[in-house]
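1. sharing a sequence plus its predicted fold:
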Amino acid sequence: MTTTAQVLGSEGRKAQPDHLGHVIFITAAAAMGGFLFGYDSSVINGAVEAIRGRYDIGSAALAQVVAIALIGSAIGAATAGRIADRIGRIRVMQIAAVLFTVSAVGSAVPFALWDLAMWRVLGGIGIGMASVIGPAYIAEVAPPAYRGRLASFQQAAIVIGIAVSQLVNYAILNLADGDQRGKIAGLEAWQWMLGVMVVPAVVYGVLSFVIPESPRYLISVGRIDRAKEVLKEVEGKTVDLDVRAGEIEQAMRSEHKSTFKDLLGGRFGLLPVVWIGVGLSVFQQLVGINVAFYYSSTLWQSVGVDPSSSFFYSFTTSIINILGTVIAMVFVDKIGRKPLALIGSVGMTISLALVAWAFSADLVDGKLPHGQGVVALVAAHAFVLFFALSWGVVVWVLLGEMFPNKIRAAGLGVAASAQWIANWAITASFPSLSDWNLSGTYILYTAFALLSIPFILKWVPETKGKALEEMG
């Protein structure tokens, strides 16, 4: 997808919207895609063990059902930009909302394991689309003076979606007397967990009909008058609308649409900056963060925690994730990207090492000894906190800033693809790895967290305070 115009006149930069509350509403509506992104990514956590029991499958098959949504996500992310340039940002939101809705209904009442997997792929495509279209739309409608703060709505919506999904799962489990396969109104608890996403999906779809199309898209298809109306709506009456529309049109004409060819030329095929982007994306996933959101209930149950408590711990983990994200949003511009990433890497390494140590203890009556259990619980929450206040936000900031203008879009595409692939690898491998050796699995994640420290020190650039045009 084409990116937000880099050339903004002084009037555009200083513009203050007449109704900031309305602009916030538009941004929040678009960020509902991020909420669904987080919700759909995490809701499966509550259904994992029930799906295993319902269909009598092993860890390898279970992992594929959980992880297959990520294949759809890669497809959605790869296609959303081009589709949005053809039919508009709002239409892509509406397509994503339909996919989310259909996926929720289908996942709630599957005929067999194969169609449950199919519905999850459809939901994954919606996730991929939402992960692209939300930030792009917000950047294109946000007044320049507020763009940074409004852009953070997407990440905030994702972590809130994760937390809400865990809270809903916990509530449904309690209604089913702590049994993931307990019946509620004729359906098993896990089916309700997957089906409840219909509600936010419909809300997202409805909101997409009441927010304006991006001025940038409107100008690209020749609807200049409507684009000026939207600009007036989001940037204020004092802006010279003819000048602003002209700036956007000129910037669009002068933009270089990067391709994969532009990324070639380095010693190992790709340019060094592209390899750094891929490294950031891969390390972000290889520390095992998504295990905390896809499998945490299963993880705690495997060491003797009862289902109700395991769901509660999943919810508290999500709250910690929100807290860490807020910390990152406050400090990323104050102390810089690299220092924050380093703090996170050191904290994650220590936390993961403690989790690995705790899980190495022999179970007593199916449970961890009390001391190791407390260490595991505290260290697991600390790991999520250190990730959220660093790599969870910093990676996306760096990926948006570090590439030269000429290759920014293509570079981001390659890095995002690497991230989905690494996410899939971790998600698909965890059940089998944990069956082999749970402590050993966390030692592996600890090793990746440790390796991220020299990676940051040697290769990752500091982009704090630099203009995008300085990136070379």
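-> Ah, there it is.

2. can you classify residue 110 by secondary structure?
-> Taken by DSSP: H, G, I helix; E, B strand; the rest coil, the conformation at residue 110 corresponds to coil.

3. isn't it up against residue 120?
-> No - applying CB atoms under 8 Å, one finds residue 110 not in contact with residue 120, separated by 9.5 Å. All C-beta spots, glycine's among them, are computed from the backbone N, C-alpha and C.

4. between these two, which has more neighbouring residues?
-> residue 120 (27 against 19; other CB atoms under 10 Å).

5. Three-state assignment for the more buried one, please.
-> Residue 120 ends up helix, using three-state DSSP.

6. give me the low-pLDDT residue ranges for the stretch 1-150 of the chain?
-> Along the stretch 1-150 of the chain, the parts satisfying pLDDT under 70 run over 1-19, 144-145, 147-149.

7. tell me where it has helices.
-> 10-14, 20-43, 48-55, 59-87, 89-108, 113-141, 147-175 (DSSP state H, counting those that start in this stretch).

8. now those in TSV, with distance to residue 392?
-> Shown next, in TSV, are the helices of the stretch 1-150 of the chain (distance: least, CB to CB, whole Å):
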stretch	distance to residue 392
helix 10-14	29
helix 20-43	11
helix 48-55	22
helix 59-87	17
helix 89-108	22
helix 113-141	14
helix 147-175	8
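
9. to residue 298, which of those helices lies closest?
-> Closest approach to residue 298 among these (CB to CB): helix 48-55, 4.9 Å.

10. and that closest one, how far out from the chain middle?
-> How far helix 48-55 lies from its chain's middle: 26 Å, per CA atoms, centre = their mean, to the nearest Å.

11. in a strand, residue 269, correct?
-> Yes - Residue 269 forms part of a strand when assessed by three-state DSSP.

12. who wins for proximity to residue 430 among the helices of the stretch 1-150 of the chain?
-> Set against residue 430 and scored by CB to CB, the helices of the stretch 1-150 of the chain come closest in helix 59-87, at 6.7 Å.

13. so which strand or helix has residue 464?
-> Assigned by DSSP states H and E, residue 464 belongs to neither a helix nor a strand.

14. for residue 211, which of the helices of the stretch 1-150 of the chain is the nearest?
-> helix 20-43 (4.9 Å).

15. next up, the contacts around the closest residue to residue 351 other than its chain neighbours.
-> In space, and not counting its chain neighbours, residue 351 is closest to residue 383: 3.8 Å by CB to CB, 6 or more residues apart in numbering. With contact taken as CB atoms under 8 Å, 6 or more residues apart in numbering, residue 383 is in contact with 289, 292, 347-348, 351-352, 355.

16. element containing residue 383?
-> For residue 383, the host element (DSSP H and E) is helix 370-388.

17. if we can go back for a sec, which among the contacts of residue 383 end up buried?
-> With burial judged by 16 or more other CB atoms under 10 Å, the buried subset of the contacts of residue 383 is 289, 292, 347-348, 351-352, 355.

18. and those, which two are furthest apart?
-> Of all pairs drawn from these, the widest gap by CB to CB lies between 292 and 347 and measures 14.4 Å.

19. just to revisit the earlier point, using JSON lines, please lay out the contacts of residue 383 together with distance to residue 190, pLDDT and secondary structure.
-> Below are those laid out as JSON lines (distance: CB to CB, whole Å; pLDDT from 0 to 100; DSSP: H, G, I helix; E, B strand; the rest coil):
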{"residue": "289", "distance to residue 190": "23", "pLDDT": "91", "secondary structure": "helix"}
{"residue": "292", "distance to residue 190": "19", "pLDDT": "81", "secondary structure": "helix"}
{"residue": "347", "distance to residue 190": "34", "pLDDT": "97", "secondary structure": "helix"}
{"residue": "348", "distance to residue 190": "31", "pLDDT": "97", "secondary structure": "helix"}
{"residue": "351", "distance to residue 190": "30", "pLDDT": "97", "secondary structure": "helix"}
{"residue": "352", "distance to residue 190": "29", "pLDDT": "97", "secondary structure": "helix"}
{"residue": "355", "distance to residue 190": "26", "pLDDT": "94", "secondary structure": "helix"}
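
20. of those residues, closest to residue 453?
-> Distances from residue 453 to the contacts of residue 383, taken by CB to CB, are shortest for residue 348, at 9.7 Å.

21. from residue 389, how far out is the closest one?
-> Distance, residue 348 to residue 389, by CB to CB, to the nearest Å: 10 Å.

22. how about residue 379?
-> Distance of residue 379 to residue 389, computed by CB to CB: 16 Å.

23. pretty sure residue 290 contacts residue 427?
-> Yes - contact criterion CB under 8 Å: residue 290 and residue 427 qualify, at 5.7 Å.

24. more neighbours: which of the two?
-> Neighbours per residue (other CB under 10 Å) separate residue 290 from residue 427, with residue 427 holding more: 25 against 22.

25. quick check: closest non-adjacent residue to that one.
-> Excluding its sequence neighbours, the residue lying closest to residue 427 (CB to CB, 6+ apart) is residue 67, at 4.0 Å.
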